[in-house]
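Participant: Sharing a model that was predicted from the sequence below.
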Amino acid sequence: MIKRSFLVASAAVFIATATMLTYAGPAPAQVFGGHNSNAPVNFDAGRIEVQDRADRVVLSGAVRVEQAGLVLNSARMTVAYNSSNGIQVDRIDASGGVTIRKGGDTANGDTAIYDLDRRLITLVGNVTLTQGSNRLSGGRAIVDLASGRSTIDGRSSGGVPGATQSSGGRVSGTFTVPQRPDQQ
């Protein structure tokens with residue numbers, strides 16, 4: 001019986017590893033999933049430079065971007081937009097202490113790319129995903145805002161030159177295991 005309990009607990013930890021950000025607590029809920037990438041994007045920064053001919057905006061100085069409850073903070077962001085049918089934001093590149101929050105979930109990294117058309121956020125360099133007391137660390141994470149699925153790996157390909165990897169090329173993490181009465 002003890003071996004069976006251990007195997008069940010091990011399987012639960014494995015499943016939690018694969019789907020950590022899909023569940024927001026005891027009841028299944030997709031926090032990053034189902035995000036509305038068509039919602040208005042609000043900006044706040046120390047400095048904003050509009051480059052109309054290049055269809056981009058460069059923001060710097062404690063930048064904060066908010067869209068439908070998703071908050072993105074960093075030191076600097078470049079926002080690419082399309083102006084053929086009014087202003088439509090296509091992509092946001094963030095660098096310098098990137099933090100993304102929605103609900104109780106947090107994702108951190110050195111740099112991030114938010115592709116609004118594909119509804120993907122890619123974080124690179126010293127990546128950490130946190131949900132409550134559960135935590136994953138690695139070199140790169142891809143957050144799919146449509147499904148709520150997050151994938152994290154140990155490599156930080158395409159990262160910032162000189163950026164360090166705290167995970168040593170591996171994914172590491174800590175998961176809270178619910179306390180169960182002893183099964184004998």
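Facilitator: Cool, the structure landed.
Participant: and residue 81, how far is that from residue 38?
Facilitator: Separation of residue 81 from residue 38 (C-beta to C-beta, to the nearest Å): 14 Å. The way it works is simple: take the backbone N, C-alpha and C, and place the C-beta from them, glycine included.
Participant: center of this structure, which residue is that?
Facilitator: residue 107 (4.1 Å; C-alpha atoms, centre = their mean).
Participant: Skipping adjacent residues, who's closest to residue 73 in space?
Facilitator: By the measure of C-beta to C-beta, 6 or more residues apart in numbering, the closest residue to residue 73 outside its immediate chain neighbours is residue 99, 4.7 Å from it.
Participant: thinking again about what came up before, these two touch, right, the residue nearest to the centre of the chain and residue 128?
Facilitator: Yes. Counting by C-beta atoms under 8 Å, residue 107 touches residue 128, with 7.2 Å between them.
Participant: Can you list the buried residues in stretch 79-95?
Facilitator: 79, 80, 81, 89, 91, 92, 93, 94, 95 (16 or more other C-beta atoms under 10 Å).
Participant: what about the strands in this protein?
Facilitator: 42-44, 47-51, 56-67, 70-82, 88-102, 105-115, 120-131, 134-144, 150-153, 172-174 (DSSP state E).
Participant: hmm, back to that, run a quick neighbour tally on the residue nearest to residue 73.
Facilitator: 17 (other C-beta atoms under 10 Å).
Participant: what sits against it?
Facilitator: 72, 73, 74, 106, 107, 108 (C-beta atoms under 8 Å, 6 or more residues apart in numbering).
Participant: what's the closest of the residues you listed to residue 142?
Facilitator: residue 107 (10.5 Å; C-beta to C-beta).
Participant: List the contacts of that closest one.
Facilitator: With C-beta under 8 Å, 6+ apart, residue 107 has these contacts: 21, 99-101, 121, 123, 127-130, 141, 143, 150.
Participant: next one: residue 75
Facilitator: By C-beta under 8 Å, 6+ apart, the neighbours of residue 75 are 60, 61, 62, 63, 95, 96, 97.
Participant: Distance check, residue 41 against residue 68.
Facilitator: Counting by C-beta to C-beta, the gap from residue 41 to residue 68 is 9 Å.
Participant: Comparing the two, which residue is more hemmed in?
Facilitator: Remark: of residue 41 and residue 68, residue 41 carries more neighbours, 20 against 14, as counted by other C-beta under 10 Å.
Participant: which stretches of this protein have low pLDDT?
Facilitator: Within the chain, the ranges that satisfy pLDDT under 70 run 1-31, 33, 156-168, 183-184.
Participant: which parts of stretch 176-184 are buried?
Facilitator: Buried residues in stretch 176-184 (16+ other C-beta under 10 Å): none.
Participant: Perfect, that will be all.
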